[in-house]
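In: Please work out how this folds:
(chains A and B, ligands or ions: 2)
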Amino acid sequence: MTITQQILQQLINGISLGSVYALMALGYTMVYGIIKLINFAHGEVFMIGAFVGFFSITKLDMGFFPAMFTAMIFCAILGVLMERLAYKPLRNAHRVAALMTAVGLSMLFQNLALAHSWIGASAKGFPQVFPLRKFELMENVTISSDRILMLVIAIFLMIALQFIVHKTLMGKAMRAVSLDKDAARLMGINVDKTISFTFALGSSLAAAAGVLFALNYGIVVYQMGLLPGLKAFVAAVLGGIGIIPGAMVGGLLLGVTESAVSAAGGSMFRDAVAFAALIIMLLVKPTGLFGKNVREKV
Amino acid sequence: MLKVENLQVYYDAIHAIKGVSLDVSQGEIVTLIGANGAGKTTILRTISGLEKAREGKIEYLGKDITSLQAHDVVKIGISQVPEGRRVFTNMSVTENLELGAYLSKDRKAKADSLKRVFEHFPRLYERRTQIAGTLSGGEQQMLAMGRALMSKPKLMMLDEPSMGLAPILVRQIFSIIKEIHKEGTTILLIEQNANMALSIAHRGYVLETGKIVMQGSVQELLASEEIKNAYLGGEAAHS
Ligand SMILES: Nc1ncnc2c1ncn2[C@@H]1O[C@H](COP(=O)(O)OP(=O)(O)OP(=O)(O)O)[C@@H](O)[C@H]1O
Ligand SMILES: [Mg+2]
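Out: Ligands and ions are numbered 1, 2, ... in the order given. Just a heads-up that it's a prediction; the model follows:
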């Protein structure tokens, strides 16, 4: 295997893994953009999405796409409830209160999953719903059908999101609320509804990411949201938290870096890379790749 | 049309509005003048539903709207051009205007509103694809006014539209306010620039530390020695 082939192979692996981080990072970044909260329970929404997809296939005999769609709807509702019940009452409280609530929710969801008789502590195999094929792009550079699927769906969802945010009235309302809530209210925008919509969008993307991740790695387990959740958070910060294109680029970048490091023989450090990248970014440019160096409003 | 009775507003322990009553009749231009920190913005924000009244009543077209949510206040025909313009700086001029008509479902009506705004503000038409944050202060003021017009308000409230603008722009802005009024929109205008405000208004109120200290027709206010000294003196000498 030549160096070029290696690089290409890792690029492909990295981009497909990164596309999942990107999908999740979008949820972090949109929620942060609109209510300045890091929703640490986002990783668990990813996990719950994966399980809803899993049970839709194994218990309800659904096809893969209907199962993924079910997971997205389920998590959209979950996201809205989470915001209404847990975060909304704290909207005028200190930011730390909401942050602690997010951490608490994350643990609550994990433990509920652990305690649930359908889920429990042991990992379950996610069914190989599509016959697995490997495509040889060139000598020694391959991509599996599941990865192609993951990439295609992730890209499709990101384009759909861009369309929603920039071309629809609801998307414009989201951007208006993110920028200036009072000015948005003066336009007749219902800020609470817009925040709910943002949680629904972000959570459904996390659910899709969860199902795709489960398909590719072949397992579902109650802790599966933890590491991808943290890494997606890192990706969002890398790109510039609150900035949608930043989350996409941050996710892809993180995926590629991780693949490169494991390929270079550092697979032990794979998970550490994300956090090293976070620290470096915070030192060099705390506002992230796409962030403008604006002073925080007082 | 609008009737505010004994309004009391607090920011936590700060008693910002201490029993203000005022009214605006259909077809009028009414101005509310007062120094820094008198509470002018707070009154407008409370009418718009952005602040809660502790006591008192706000009536609009005979209906009690005191506890209406801000987005519903827009729905019934009251729009506000906020202090400091507050345009959506990361969006284009056209997108800002579209958001002004957020509640309108009717495409045709929206297109008509947009046309009307561009007639009042040809400058905005020239800049329609420009990002609002890159507009000059005067252009941003025009955009904020155009955006407030998009919802076809019956009552338009403006909070210090002259703030930070060169005199020539102030005159331009005020003549557009008069045009908008002529087309049938009732105006409640907040100003520190009392000269300009009284030059286009029918009636005025003077607010000092949360209380109305004087009210009357423009002629009455202009004739008052206190007003001359406190609000017109310096500026009158300059202009
Ligand atoms: N968000 C707030 N929190 C606490 N106090 C406030 C707040 N907003 C205004 N105040 C206080 O309420 C009083 C009235 O303020 P307001 O902004 O309504 O005055 P204003 O007449 O609009 O002043 P200006 O001409 O400077 O715009 C002031 O004493 C101000 O300090
Ligand atoms: Mg003010």
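In: can you pull out the helices in chain B?
Out: B:40-47, B:70-75, B:93-100, B:107-120, B:122-126, B:137-149, B:167-182, B:194-200, B:218-223, B:225-227, B:233-238 (DSSP state H).
In: Switch those helices over to TSV; also include mean neighbour count and distance to residue A:46.
Out: C-beta coordinates here come from the backbone N, C-alpha and C atoms, glycine included. Formatted as TSV, those follow (neighbours: other CB atoms under 10 Å in any protein chain shown; distance: least, CB to CB, whole Å):
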stretch	mean neighbour count	distance to residue A:46
helix B:40-47	24	40
helix B:70-75	21	33
helix B:93-100	24	32
helix B:107-120	15	39
helix B:122-126	16	44
helix B:137-149	24	39
helix B:167-182	16	51
helix B:194-200	21	56
helix B:218-223	16	64
helix B:225-227	13	65
helix B:233-238	10	62
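In: could I get these as TSV with mean pLDDT and distance to residue A:115?
Out: Formatted as TSV, these follow (pLDDT from 0 to 100; distance: least, CB to CB, whole Å):
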stretch	mean pLDDT	distance to residue A:115
helix B:40-47	98	48
helix B:70-75	97	41
helix B:93-100	97	46
helix B:107-120	95	52
helix B:122-126	97	59
helix B:137-149	97	52
helix B:167-182	95	63
helix B:194-200	93	66
helix B:218-223	92	72
helix B:225-227	84	73
helix B:233-238	48	72
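In: Tell me how many other residues crowd the residue lying closest to residue A:145 once chain neighbours are set aside.
Out: Computed as CB to CB, 6 or more residues apart in numbering or on different chains, the closest residue to residue A:145 that is not its neighbour in sequence is residue A:133, at 4.4 Å. Neighbourhood size, residue A:133 [other CB atoms under 10 Å in any protein chain shown]: 11.
In: per-residue pLDDT, residue A:133?
Out: pLDDT, residue A:133: 91.
In: For the residue in chain B that ligand 2 sits nearest to, which non-adjacent residue is closest in space?
Out: Of all residues in chain B, the one sitting closest to ligand 2 is residue B:41 (3.0 Å; CB to the ion). Nearest residue to residue B:41, sequence neighbours excluded (CB to CB, 6+ apart): residue B:83, at 5.2 Å.
In: gap between residue B:81 and chain A?
Out: Distance of residue B:81 to chain A, given as CB to the nearest CB, to the nearest Å: 9 Å.
In: Show me what that residue is bridged to.
Out: residue B:158 (DSSP bridges).
In: ok, it touching residue B:160?
Out: No - at 9.2 Å, residue B:81 does not count as touching residue B:160 under the criterion of CB atoms under 8 Å.
In: Looking at those two, which is more packed in?
Out: residue B:81 (26 against 22).
In: Can you give me every residue that contacts that one?
Out: By CB atoms under 8 Å, 6 or more residues apart in numbering or on different chains, the contact set of residue B:81 is B:141, B:144, B:145, B:147, B:148, B:156, B:157, B:158, B:159, B:161.
In: Apply 6 Å and report the result again.
Out: By CB atoms under 6 Å, 6 or more residues apart in numbering or on different chains, the residues touching residue B:81 are B:144, B:145, B:148, B:158.
In: for the residue of the stretch 51-200 of chain A found nearest ligand 2, what are its contacts?
Out: Here the stretch 51-200 of chain A gets closest to ligand 2 at one residue, residue A:182, 13.1 Å apart by CB to the ion. Listed by CB under 6 Å, 6+ apart, the contact set of residue A:182 reads residue B:50.
In: after the host helix or strand of it, next one along is what?
Out: Using DSSP states H and E, residue A:182 sits in helix A:181-186. Next helix or strand after helix A:181-186 toward the C-terminus (DSSP H and E): helix A:191-217.
In: what packs against that following helix?
Out: Other helices and strands packing on helix A:191-217, by 3 or more CB pairs under 6 Å, 6 or more residues apart in numbering or on different chains; DSSP states H and E, are helix A:3-35, helix A:42-58, helix A:64-82, helix A:145-167, helix A:169-179.
In: Columns mean neighbour count, distance to ligand 2 and mean pLDDT on top of those helices, output as JSON lines?
Out: As requested, the helices and strands packed on helix A:191-217 are exported to JSON lines (neighbours: other CB atoms under 10 Å in any protein chain shown; distance: least, CB to the ion, whole Å; pLDDT from 0 to 100):
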{"stretch": "helix A:3-35", "mean neighbour count": "23", "distance to ligand 2": "26", "mean pLDDT": "93"}
{"stretch": "helix A:42-58", "mean neighbour count": "27", "distance to ligand 2": "39", "mean pLDDT": "98"}
{"stretch": "helix A:64-82", "mean neighbour count": "21", "distance to ligand 2": "36", "mean pLDDT": "98"}
{"stretch": "helix A:145-167", "mean neighbour count": "16", "distance to ligand 2": "33", "mean pLDDT": "95"}
{"stretch": "helix A:169-179", "mean neighbour count": "21", "distance to ligand 2": "21", "mean pLDDT": "96"}
